[in-house]
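In: Can you look at this prediction? I've put the sequence above it.
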There are 2 protein chains.
Amino acid sequence: MADEEQFDGLDELPSSPSPDTIKVGSTTMSLPTKLKGKKIKKKGHRRENNITGEVTFKKSSSEAIAGALQLGIAHSVGKLSERPDRDVLMQDFEVVELIDFPTKGTTLTPPHEFGEFTFQSYAPLAMRYFRDIFDISVEGYIHSIIHEPLTAIGNPGASGSLFWITHDDEFIIKTVDNKEAEFLMNLLPGYFMNVQQNPRTLLPKFYGLYCVKKERKHIRVVVMNNLLPRDVEMHYKFDLKGSRYKRKANSKEQQKKSPTWKDLDFERIFDSKRISLVKESYNAMIETIKRDCLVLNSFSIMDYSFLIGVHKCSVGEIASMESMSLSASNSRGNSVFKRSALYSSPMEQVFTGSQVNLQLSQHKVDQNWGGIPALLPDGTQVLIYCGIIDILQCYKLLKRTEHFFKSLYTNGEEISVVRPGFYAERFQDFLKNKVFIPQSKSSLPNPSQILEQGLEEELEDKLSKEAAKSNVDHNKNGTYF
Amino acid sequence: MADEEQFDGLDELPSSPSPDTIKVGSTTMSLPTKLKGKKIKKKGHRRENNITGEVTFKKSSSEAIAGALQLGIAHSVGKLSERPDRDVLMQDFEVVELIDFPTKGTTLTPPHEFGEFTFQSYAPLAMRYFRDIFDISVEGYIHSIIHEPLTAIGNPGASGSLFWITHDDEFIIKTVDNKEAEFLMNLLPGYFMNVQQNPRTLLPKFYGLYCVKKERKHIRVVVMNNLLPRDVEMHYKFDLKGSRYKRKANSKEQQKKSPTWKDLDFERIFDSKRISLVKESYNAMIETIKRDCLVLNSFSIMDYSFLIGVHKCSVGEIASMESMSLSASNSRGNSVFKRSALYSSPMEQVFTGSQVNLQLSQHKVDQNWGGIPALLPDGTQVLIYCGIIDILQCYKLLKRTEHFFKSLYTNGEEISVVRPGFYAERFQDFLKNKVFIPQSKSSLPNPSQILEQGLEEELEDKLSKEAAKSNVDHNKNGTYF
C-alpha cells in the first residue's frame, strides 16, 4: 500500500502538453507559480485540469481507468460464470482473484490501449451471490458494463472519488480507497446476513469490488446500484442525516440545476412539514430503516445519509400508473415506470405480509425503493426514490472521533458526527418524525375516481397545448393512487 | 477450563456407599484393586455404576444435570421471548448469557434440588433464529424440554457423552466438551449461511448450546433434532462413512435388539445392492449431501457419518400414506406419518422446483429428511430417515492427524480418517454409488393400482389374523407410493 500512498498531496500535472508553460506566438513561457495551481482542481487523488477538462486519478486518466475496468470486469464475471454454481462459504468473503492485462494481450485477455495493468476481483463468489439475489444476471451485468463506454459523472460528494455510470443507468462505479475496500470486505458476512434477513434493505447494493493495479498504484472501485435514474426528472434531491449542524447546501450547490439539498433545506422547502406515504409504505420503510441501522450500528458505522429523489408526476403519468395498477401489468418501460413497476400492484399487497410476497419472488431482494407514490405537503403527487448511502466512511470517523469528542457531550444534538448508536437513533427519529408521515388509505379517493380525474386533467392538459408542462400542482387535498 | 479438566483420567467413584469396600457379615473388607474398576464403567467424563446403575458426568448425577438443564433452558428461552424480535448480527454468534440458580431460588429463578449452578446460554439470539427457521416455536420448545423429565438414553457412540431425549421424541440433548462447544460457536456463521442457502440441509439441526457450571465444572450440552423417532420401528439402522476400514459393527453391537450397522454390514445385508429412491428424491438427496459436504470440508471437518433408519412399511401404512397423498391432507398424527407428512404430496412437487416450494413455506428449513419412501433391494417398501451426524469431531482429528499421516498416502482408501476433501469426496461417492440408486417413476405402477393392491393385501392381512405382522415382503417388482 505504501508505494501508492506516497504521492498523496503532490499536485500531479499532466506531462504533455506541459501545463507549466504557455505558448505566446512562437515563444514558450513559463507560467507564474500561483497560476499553476488554479489550472488543476485537486481533491484527494482526483485531479481535474480546468483548461483541458481532463480528469486523472492517481495519475491515470479517467478514460484509461474506465477502459481497464470494463475489460477486467467482463473477464472476471465471464470467467466466473463458467464455473459451476455453488453455495457461498465464509472463506469466499476473503478471496482476491488476480489477472494480468498486458497491452499486447494474452490467450486469455485481449490487446488494449489502457496501459499494462493487473485486475483484482474481491470476493468474486460472494459478489456473484449478491448479484444473483439482487436479480442481476451475468449477461445483464456484463452488457451494462461493457456495451458502451462508461460515463464519468461529476463528483457528487466531496470525497475526491471518481464516479461513472453505465450507459443504461443501472450501475454506478465509484473509486474507494484501500481502507474503504478493506472495510467492505470485513462487512461482507454481516452484509450477507442482512440481505438474507431483511430483503427490503435500503442499504447500498454492492455488486462488485475490484482493483486496477497500474504502475504500482491501486485504483479500487465498487459497483453499486443507481438510486436515481437519470431518465426520471428529479425535482428535488435530498441528502439527509438527521443533524442540523452545517446541514445546508452551500451556495455553489444551490446554484446547480439540480442541487442536492440537506436537512435544513428540507425543513425550509417543505415548511417543516412532511412527505406523506400510504401507511403500509410508511411502516415498511421505517421498519426497514430500523433494521438497516441495527446492522450499521453493529459495525460502528456513522455519517451515512438517506438519499431521496422526488419526481413530481405529470397527469399522464398518474393515469398510466393507475391503469398499470388496475391491469396488474408486468410490462416495464424505459421510463419512470421501469422502477416503479414493483409498486404498481396495490400497496397493501406489496407491503403487508411482505414475507410471503418476498418468498414468492424467489427470495430476491428488491431492486430499488424507487418509484414509491407519495404526496408532498402541498398535495403534489410524486414518486420518491430513496436509499441509504455512504456507509463505508467509518474509518475516517475513527480518526475524527477524538477531535469531536468534546462537542459530543456539550452539544450532542447539533453535530453530525456522534457515536454510532446515537447517530442511528437520531437518523431513524428524523426520518420517522420529520421527513415522512403515514396517511391512512381510507382518507383517499378510490382508484377509479383518481383515474377519471387523471384522464380529465390530461384532456384539459392537451387542450391547453401546454405540452412541456411536466408537473401538476394539486391542491392540498391531493390524491394517491 | 483448567479447573475442570484436571480430574481427567481419574477414576471417580461415588463416595457413599464406598465402592472400595464390601460388607461381609459385619466386617467391612477392602476390595482387591482389580475388582474396583469393574463396578464402574467409565468412558471420558461418564461413569456408570454397574451395581446401582447410577450414571454421573463430571461427578454430577445424570438426573441432577437433566433437572438443571430443564430449569436453565426454560428460563433462557422464556426470557429471550420477552425481548423484541430482531435480525441476527455477526456479534450474536459470540454472545454468552449467564444466570445463577442458587438452590434457594431468586426473584428470577425458582428454588430447586439440583445443587447450586450457573446456567450459560451460548449465542442465544442466533439459536433462536435457527429454531425459528427450523420451525420450532418458543412454546413447543419449552414444552418439549420441561413438560416431563428428560429420558437418559444409552450412549449410542463411544464418546463418553450423556444423551437425553425429550418426552415427545423431538429433541436430543447431548453433552459436548469445551472444544466441541467452541468449535460449534466458530461454525455458527458458516452454519447460518448454509441454512440460508441450502434449506434442505442434512446437517444436524442445532437448537441450543448451553452449559451448566456446577462446583467448578462445566457441563456443556447441545440440543439437536432427533433423526430417528422412537415410535417408528427401525428395522435397520446404519452409520455410514464411506470407509471400509474397521467399518463393521462389533459383536456387542450386533447382539443389541436394534444394532447400528456400519459400511461393511450394509454391503453384506443388502448383498452389495442399493436402496432405490424415486429419481427426484435421489437427485435432491445427492445434491444436498454435496452442498453439506462443501460446508463441512470448508471447516476441515471429517469423520462425520450418514445415519439411516429404515422402517419397513406395513400394508396399512402403505394404504394410509397413499390416501394422504391423494387427498393432500395436512393432518399429522403421532405416528410414522408425522414425519413423513412432508413427503405426502407427490414427490415431484416436493423435490423438483424445490426453490419455489421452499419459498412458499416461508423459507423454513425442512424439519427432517424423515419418512422418505424407498425400496430395499429385495423390493420391500420402506420409509427411510436420515441425516449427517457427528460433525463436531474435527478437533480430535487434528490431534490424530499426525499419527495417521503415513497411512494416508500408503493406503488412503482403507482408513477412516483422511484429509477433509478426500473424506468428503469418498463419503459422497459412497452414498451416491453404493447406498442409493435412482429409479425412474415411469417404471412404477400408478398410485391407484398401489392403493388397490394395498387395500387387498390389507384385507388378506386381516383375514389371516396375523395381527402382529409388521412387515410386508414384496417381491422384487415392489411398488412405490
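Out: Received it, and whenever you're ready, just let me know what you need. For clarity, every value in this text was computed on a predicted model and none was experimentally measured. Residues are numbered from 1 along each chain as shown, chains lettered A, B, ... in the order given.
In: Return the nearest residue of the stretch 201-350 of chain A with respect to chain B.
Out: Ranked by Cβ to the nearest Cβ, the top residue of the stretch 201-350 of chain A for proximity to chain B is residue A:298, at 4.4 Å. Every C-beta, even on glycine, is put in place using the N, C-alpha and C of the backbone.
In: For burial, what's the neighbour tally of that residue?
Out: Using other Cβ atoms under 10 Å in any protein chain shown, the number of residues around residue A:298 comes to 19.
In: contacting residues for the residue nearest to it when sequence neighbours are not counted?
Out: Spatially, and ignoring its direct neighbours in sequence, residue A:298 is nearest to residue B:89 (4.4 Å; Cβ to Cβ, 6 or more residues apart in numbering or on different chains). With contact set as Cβ atoms under 8 Å, 6 or more residues apart in numbering or on different chains, residue B:89 has these partners: A:190, A:193, A:294-295, A:298.
In: Whichever of those count as buried, I'd like them selected in PyMOL; how would that read?
Out: In PyMOL, selecting the buried portion of those, with burial taken from 16 or more other Cβ atoms under 10 Å in any protein chain shown, looks like this:
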select buried, chain A and resi 190+193+294+295+298
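In: Mind picking the lowest-pLDDT entry from the contacts of residue B:89?
Out: Taken together, those show their lowest pLDDT at residue A:298, with 91.
In: can you tell me which residues contact that one?
Out: When the contact criterion is Cβ under 8 Å, 6+ apart, the partners of residue A:298 are A:190, B:89-91.
In: How about residue A:248?
Out: Residues in contact with residue A:248 (Cβ under 8 Å, 6+ apart) are A:262-265.
In: for residue A:72, same thing?
Out: Residue A:72 sits next to A:99, A:101, A:117, A:119, A:121, A:210, A:212 when contact means Cβ under 8 Å, 6+ apart.
In: and which of the residues you listed is nearest residue B:390?
Out: In terms of Cβ to Cβ, no member of the contacts of residue A:72 lies closer to residue B:390 than residue A:121, at 37.1 Å.
In: Distance check, the residue nearest to residue A:298 against residue B:205.
Out: Using Cβ to Cβ, to the nearest Å, residue B:89 is found at 21 Å from residue B:205.
In: Could you do residue A:133 as well?
Out: If you measure residue A:133 against residue B:205 using Cβ to Cβ, the figure is 24 Å.
In: which of those two has more neighbours?
Out: Of the pair residue A:133 and residue B:205, residue B:205 is the one with more neighbours under other Cβ under 10 Å, namely 25 against 17.
In: if we can go back for a sec, most surrounded residue in the contacts of residue A:248?
Out: Neighbours here are counted as other Cβ under 10 Å. On that basis the top member of those is residue A:263, with 25 neighbours.
In: Chain neighbours aside, what residue packs nearest to it?
Out: Excluding the flanking residues, the one nearest residue A:263 by Cβ to Cβ, 6+ apart is residue A:247, at 3.8 Å.
In: Against residue A:292, how distant is the one you found?
Out: Between residue A:247 and residue A:292 the computed distance is 20 Å (Cβ to Cβ).
In: Those two: which has the busier surroundings?
Out: Taking neighbours as other Cβ under 10 Å, residue A:247 and residue A:292 compare with residue A:292 leading, 25 against 20.
In: doesn't residue A:197 make contact with the more buried one?
Out: No - using Cβ atoms under 8 Å, residue A:292 makes no contact with residue A:197, being 11.0 Å away.
In: how about the helices in the stretch 251-400 of chain A?
Out: Per DSSP state H, counting those that start in this stretch, the stretch 251-400 of chain A carries helices over the ranges A:251-254, A:263-269, A:279-298, A:315-327, A:336-340, A:347-351, A:354-360, A:394-410.
In: now the stretch 101-250 of chain A, which segments are flagged as low pLDDT?
Out: By pLDDT under 70, the low-scoring segments of the stretch 101-250 of chain A are A:155-158.
In: Please identify the residues of it in proximity to chain B?
Out: Among all residues of the stretch 101-250 of chain A, those adjacent to chain B (criterion: Cβ under 8 Å from any Cβ of the partner chain) are A:189-190, A:192-194, A:196-198.
In: Please spell out the PyMOL selection for the buried subset of those.
Out: In PyMOL syntax, the buried subset of those is picked out as below (16+ other Cβ under 10 Å):
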select buried, chain A and resi 189+190+192+193+194+196+197+198
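In: could you redo the residues of the stretch 101-250 of chain A next to chain B as a markdown table and give each row secondary structure?
Out: As requested, those are exported to a markdown table (DSSP: H, G, I helix; E, B strand; the rest coil):
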| residue | secondary structure |
| --- | --- |
| A:189 | helix |
| A:190 | helix |
| A:192 | helix |
| A:193 | helix |
| A:194 | helix |
| A:196 | helix |
| A:197 | helix |
| A:198 | coil |
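In: sorry, back to before: so which two of the contacts of residue A:298 are the farthest from each other?
Out: A:190 and B:91 (8.8 Å).
In: all strands of the stretch 1-150 of chain A, in order?
Out: A:21-24, A:27-30, A:40-43, A:46-49, A:55-57, A:60-61, A:96-101, A:117-122 (DSSP state E, counting those that start in this stretch).
In: can you redo those as JSON lines with mean neighbour count?
Out: Below are those laid out as JSON lines (neighbours: other Cβ atoms under 10 Å in any protein chain shown):
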{"stretch": "strand A:21-24", "mean neighbour count": "11"}
{"stretch": "strand A:27-30", "mean neighbour count": "10"}
{"stretch": "strand A:40-43", "mean neighbour count": "15"}
{"stretch": "strand A:46-49", "mean neighbour count": "18"}
{"stretch": "strand A:55-57", "mean neighbour count": "21"}
{"stretch": "strand A:60-61", "mean neighbour count": "19"}
{"stretch": "strand A:96-101", "mean neighbour count": "16"}
{"stretch": "strand A:117-122", "mean neighbour count": "22"}
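In: quick one: which of these is nearest residue A:429?
Out: The minimum distance between residue A:429 and the strands of the stretch 1-150 of chain A falls on strand A:40-43, with 32.6 Å, by Cβ to Cβ.
In: name the helices or strands packed onto that closest one?
Out: When contacts are defined as 3 or more Cβ pairs under 8 Å, 6 or more residues apart in numbering or on different chains; DSSP states H and E, strand A:40-43 packs onto strand A:46-49.
In: in its sheet, what does the strand it packs on sit against?
Out: Strand partners for strand A:46-49, identified by DSSP bridges, are recorded as strand A:40-43 (antiparallel), strand A:55-57 (antiparallel).
In: will you turn the strands of the stretch 1-150 of chain A into TSV that also has distance to residue A:226?
Out: Formatted as TSV, these follow (distance: least, Cβ to Cβ, whole Å):
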stretch	distance to residue A:226
strand A:21-24	40
strand A:27-30	44
strand A:40-43	22
strand A:46-49	20
strand A:55-57	20
strand A:60-61	23
strand A:96-101	25
strand A:117-122	21
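In: Please name whichever of those strands is nearest to residue B:424.
Out: Residue B:424 lies closest to strand A:96-101 among the strands of the stretch 1-150 of chain A, at 23.6 Å (Cβ to Cβ).
In: Give me the angle between that closest one and strand A:117-122.
Out: Taking axes from the mean of the first three to the mean of the last three Cα atoms, to 10 degrees, strand A:96-101 and strand A:117-122 form an angle of 160 degrees between their directions.
In: Where does residue A:426 sit, in terms of helix or strand?
Out: Per DSSP states H and E, residue A:426 falls inside helix A:420-430.
In: I would like the C-alpha coordinates for that helix, written out in CSV, please.
Out: Output for helix A:420-430, consisting of C-alpha atoms alone and laid out as CSV, is shown next (Å, rounded to 0.1, in the frame of the first residue of the first chain):
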residue,chain,number,x,y,z
PRO,A,420,-22.9,5.2,16.1
GLY,A,421,-25.8,4.3,18.4
PHE,A,422,-26.8,7.9,18.9
TYR,A,423,-26.3,8.6,15.2
ALA,A,424,-28.5,5.7,14.2
GLU,A,425,-31.2,6.7,16.7
ARG,A,426,-31.3,10.3,15.6
PHE,A,427,-31.2,9.2,11.9
GLN,A,428,-34.3,7.0,12.4
ASP,A,429,-36.1,9.5,14.5
PHE,A,430,-35.6,12.2,11.9
